[in-house]
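> Return atomic coordinates for the entry below.
(2 chains)
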2 protein chains.
Amino acid sequence: MHVTGVIVEYNPMHNGHLYHVEQSRLQTGADAVVAVMSGHFLQRGEPAIVNKWARARMALQQGVDLVVELPVAYSTQSAMLFAYGSVAVLDRLGAVDSLCFGSESGDIKSLQTLSSIIVDEPPLLQSYIQLELQKGVSYPRATGAALVRYAEQDPHLDERVVGQPNNMLGLEYLAALRRLNSSITPATITRIAAGYNEERITHPKIASATAIRKATLESGVETAAPLLPELSYSILREEFAAGRGPMRWENYRQTLFTLLHRATPEQLARFVGVDEGLEARLIEAARRVDTVQDLIAHAKTKRFTWTKIQRALTSILLGVTREEQASLLVENGPDYIRVLGFTERGRDVLRRASERSVVPILTKMPRQQSPMLQLDLRASRIYSQGYTVPQSGAALWDFTTPVIRL
Amino acid sequence: MHVTGVIVEYNPMHNGHLYHVEQSRLQTGADAVVAVMSGHFLQRGEPAIVNKWARARMALQQGVDLVVELPVAYSTQSAMLFAYGSVAVLDRLGAVDSLCFGSESGDIKSLQTLSSIIVDEPPLLQSYIQLELQKGVSYPRATGAALVRYAEQDPHLDERVVGQPNNMLGLEYLAALRRLNSSITPATITRIAAGYNEERITHPKIASATAIRKATLESGVETAAPLLPELSYSILREEFAAGRGPMRWENYRQTLFTLLHRATPEQLARFVGVDEGLEARLIEAARRVDTVQDLIAHAKTKRFTWTKIQRALTSILLGVTREEQASLLVENGPDYIRVLGFTERGRDVLRRASERSVVPILTKMPRQQSPMLQLDLRASRIYSQGYTVPQSGAALWDFTTPVIRL
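Numbering: from 1, shown residues only, chains lettered A, B, ... in the order given. Below you'll find the model as predicted:
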C-alpha cells in the first residue's frame, strides 16, 4: 500500500483541490490519500469559513481517505512553522510514503535544490536577507527577495521559481522534510488555472479559495456553486443555513475590539506576533474605526503586512502569549495526531499508523491534554463564539463530536 | 443658596426618581439639586440600560441641576465602596449642603444611630459578623444579619430598620459622611409604592427600575411609558431606535464567553471579585450554557450571589485586576469630578464648586488622565461594543461628547 500525504486548509474545498487530490493519487500511484488539515484558524491569520468537521466531511467525500488536524500551534504561524508542523504530522503518523504538493513550478528537482539553500543558509544569503530587512519589509518577504538575488547569481538555480506563493510554501515543505530527516518522498503537481491569492474568478470551474470566499460573502454562496464539488457546496449551504457560517473576522468584532480597548500596549505586546510598535497601532486603530477590515487597513504598513496583522489578531483573540508559545515546544513537533475522520481505506492507513506512529493518535479526546492540545480546544471554544446563531453545546464539540467515518 | 445632593443610577429615570428629586428639593429647601450618577456600569454589576449621556439628559430635564459621574472604580463595587465614592464626590465638590436619600424608614435619627455602630464596629458586632460568615453567606449579608442581632439586644436601636435595602444603603451613606468628616447634612425621604428590587409592577405610575427594565425587555418599551416621565420615555425610545439599547449583559455575550473560554482559573482569579473558586465555576459554566443569564444561574451558590457574580463578570469584561484596583487608591476618594451636564442653576453650583472643590472639575477631557479616569474611559469604550448597531466613533465619545447644557 502506497500512502500519499497532502497539506491543506480546504477553506472551502473546491474543484482545484479536488483536482489536486486526484492528481496526487495518480502521480504517486497512491492507494490512499492522507490530508493534514488546519483546524479553526488558518495560516493567514483568519478563522476558517466553516468549522473543521464540516471541512473534513468535504475532504472525505472528495477522495481523501484520512483527515488529521494540524494543531493551531502551527496552523496560524509563519510559512516555515506551518510547513514544519504539517510535515511533522505526516512524518510522525508513520504511514505516509510520499508528500504531494501543488506548485507553480511543477519541477521537484529545482525546488529541492533551492530548498537546500534555505536550510543551509549560506553566508551570502544571510547578508542579502539582512540588506532586505533594512528596507523595512517583513522577514518572509526579505527571505524571498534575498533568495531571488542569490539564485540570479547561481547558474544552477532558477530565480523565477522564487516568489511564487505555492513554490515558496513547497520550498518550506522540502526544508521541513530535510530538517526532520524524513523518509517521505516529495512530489509536486503543477497548479492549474487560478493563483493562490487570486481574488477574481477567471476560469469557469476553477478559482482560488480566496476568490470563492469573496464571491460567497459578497454575492451569496450560490455564486460559488460552479466552483465547488457538489458535496462541498451542499455542506457549505447547510452550515450557513444553521448559522455556522460564513465565519470571518467580522464575526469576532466585538470581542476583538474589546480586547484592544481593554489592554495597555504593554499587555498587548505579550501576545505572539504583537511587536515593534504594532501594539500601539492596533489600540489606536480600534478607537478610530468600526470593522475589523478597517482596523487592519488602518494599522497596515510596509512592515506590518495584512497577514502579519491578522496573525497578531489571532493570537490576541486566542490569548496566546509568548510565554505560552514557548511552553508549547513547537520545535519538537506535534505531540499527538488528532483524527477528524476517515474512509474504509483510511481505516487501513490508521491501522498501519497505529503500529508505527511515535505519538498518540487520537480518535477521541483523552482526559489529560498536552498544552498544545489544550490550545486546540481553546481555539475551538473561541471559534464557536463567532457563529451567527448560538449553537447549544458548541464549546464542547471537541469532546462530543464523533470521528467522521465514511 | 442651599444645594442638596442625591446619589443615583437612573437606570432609567422613572416617576419614583422624579418624586425623589422633588421631595429632596422641598424637604431640604434646596435651590439646586446635584446628582452623582453612575456611568456605564452599575452597582449590581450590570451595564446601564442606556449610556450615561442619555441618562444625564433624563435627569436634567426632570429637575436635577447638575449631573456628575461616579467613577467606575466605585460604581460597580460593594455598597460600602459605592457609598463612599458617591458621598466623597458630593463632599469634594465643595458646593453641596445636604444629602437626601430615599429609605424605607424615613427616620434619619434612627438611621444615624445604627450607622455609627457600623462605623465603630464594636467587638460584639464583629463576633456576630464572624458567626454569620461561618454559615457561608456573603459579607454584606453577614453584616446585615449581625446588625439585626445586635440591634435586637439594644433598646435604643430599631432592628426592623435593618435588612431593608434602601435603609442599608442609607446607613452606608451616613457612615461615609462620618468617615469623610463631611459637613454635609444628611436627610432622608420615605420611599413610596415600589420596593428597590420589586420585579412586578403594582402601582399604576410608580415601579422600580428593575421592574421597568424587565417590562421593557419582555414586552417592549411602550409598556413602561406610564411609569416614566415623558422625556425619559422619549429619550429611551430614541436610544433604542438608534441601536444604543436596551443594553444588558447578553449584549456582551460573545466577549464574556470568549474571555471565560480563553483564561485558566489562575488567570481569571487575577480580576477583582473572582475568588474562592468562583473562577473555576465560571469557566465550567461557560462550557455548559449559551447565555449570560444561564451562566450566572449555573455558577450561583449561597456564597456566590447573583450580584457578586455580576460584579465579577464586570471586572472580567473591563479587565480590572486586583493589581490595578490597588493602584487606583480608591480609599483616597475620587481624584477628579467629571461633569456630564448642567442647567442654568447648575452653572451657579459649578461656579461655587470651582472656588471650593479640592479636586479638578472636568467639563472636558484633560490630556493627562489619572488611572481612575483612564478606567472610566476604558469602561466607556467597552460599553460601546454592546450597541446593537455599531456607532461610528463611539469609542471616543468621552472626548467628543460636549457637556450637556440645558
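> where does residue A:365 fall, phi/psi-wise?
phi -80, psi 120 (degrees, to the nearest 10).
> Please work out how many residues are found near the closest residue to it other than its chain neighbours.
Excluding its sequence neighbours, the residue lying closest to residue A:365 (CB to CB, 6 or more residues apart in numbering or on different chains) is residue A:399, at 4.9 Å. Heads up, the C-betas are built off the backbone N, CA and C, glycines and all. A total of 12 residues lie near residue A:399 under the criterion other CB atoms under 10 Å in any protein chain shown.
> Look up phi and psi at the residue most central in space within chain A.
In chain A, the residue lying closest to the centroid (CA atoms, centre = their mean) is residue A:43, at 3.9 Å. In terms of degrees, to the nearest 10, the main-chain angles of residue A:43 are phi -60, psi -30.
> Quick check: pLDDT value at the residue nearest to it when sequence neighbours are not counted.
Once flanking residues are discounted, residue A:43 sits nearest to residue A:82: 5.0 Å by CB to CB, 6+ apart. Residue A:82 carries a pLDDT value of 97.
> Between helix B:253-262 and whichever strand or helix holds residue A:256, find me the angle.
Residue A:256 belongs to helix A:253-262 when assigned by DSSP states H and E. When axes from the mean of the first three to the mean of the last three CA atoms, to 10 degrees is applied, the directions of helix A:253-262 and helix B:253-262 differ by 70 degrees.
> Report whether helix A:253-262 contacts chain B.
Yes. Against chain B, helix A:253-262 shows contacts by CB under 8 Å from any CB of the partner chain at A:253-255, A:257-259, A:261-262.
> and the two most separated of those?
A:253 and A:262 (14.4 Å; CB to CB).
> for chain B, what are the nearby residues on chain A?
Chain A has residues A:252-255, A:257-259, A:261-263, A:286-288, A:290-291, A:317-319, A:378, A:381-382, A:385-386, A:390-392, A:395-396 near chain B, with proximity defined as CB under 8 Å from any CB.
> which among these end up buried?
A:252-255, A:257-259, A:261-263, A:286-287, A:290, A:317-319, A:378, A:381-382, A:385-386, A:391, A:395 (16 or more other CB atoms under 10 Å in any protein chain shown).
> number of nearby residues for residue A:205?
Other residues close to residue A:205 by other CB under 10 Å number 14.
> confidence score at the residue lying closest to it once chain neighbours are set aside?
Excluding the flanking residues, the one nearest residue A:205 by CB to CB, 6+ apart is residue A:15, at 5.1 Å. For residue A:15, the model assigns a pLDDT of 94.
> what does the one 10 residues further on give?
At residue A:25 the predicted local confidence, pLDDT, stands at 96.
> buried ones in the strand or helix carrying it?
Element membership of residue A:25, judged by DSSP H and E, is helix A:15-28. Buried residues in helix A:15-28, counting neighbours by 16+ other CB under 10 Å, are found at A:15-21, A:23-25, A:28.
> Now do the phi/psi pair for residue A:89.
Here residue A:89 shows phi and psi, under degrees, to the nearest 10, equal to phi -60, psi -50.
> my guess is it meets residue A:66, correct?
No. Counting by CB atoms under 8 Å, residue A:89 sits too far from residue A:66 to count as a contact (11.2 Å).
> So for these two, which sits in the more crowded spot?
residue A:66 (29 against 26).
> quick one, phi/psi of the more buried one?
Residue torsions, per degrees, to the nearest 10, at residue A:66 are phi -150, psi 130.
> Could you report the separation of it from residue B:213?
Distance, residue A:66 to residue B:213, by CB to CB, to the nearest Å: 54 Å.
> cool, and residue A:19?
58 Å.
> just checking, what packs against the helix or strand bottoming out on mean pLDDT in chain A?
Scoring the helices and strands of chain A by mean pLDDT, DSSP states H and E places helix A:139-152 at the bottom, with a mean of 86. Applying 3 or more CB pairs under 8 Å, 6 or more residues apart in numbering or on different chains; DSSP states H and E, we find helix A:139-152 packed against helix A:108-120, helix A:123-133.
> right, and these - which one's nearest residue A:233?
Between these, helix A:108-120 lies closest to residue A:233; by CB to CB that is 32.9 Å.
> hang on, the earlier thing: any chance of the helices and strands packed on helix A:139-152 in TSV, with mean neighbour count and mean pLDDT too?
Listed next are the helices and strands packed on helix A:139-152 as TSV, based on neighbours: other CB atoms under 10 Å in any protein chain shown; pLDDT from 0 to 100:
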stretch	mean neighbour count	mean pLDDT
helix A:108-120	17	91
helix A:123-133	15	93
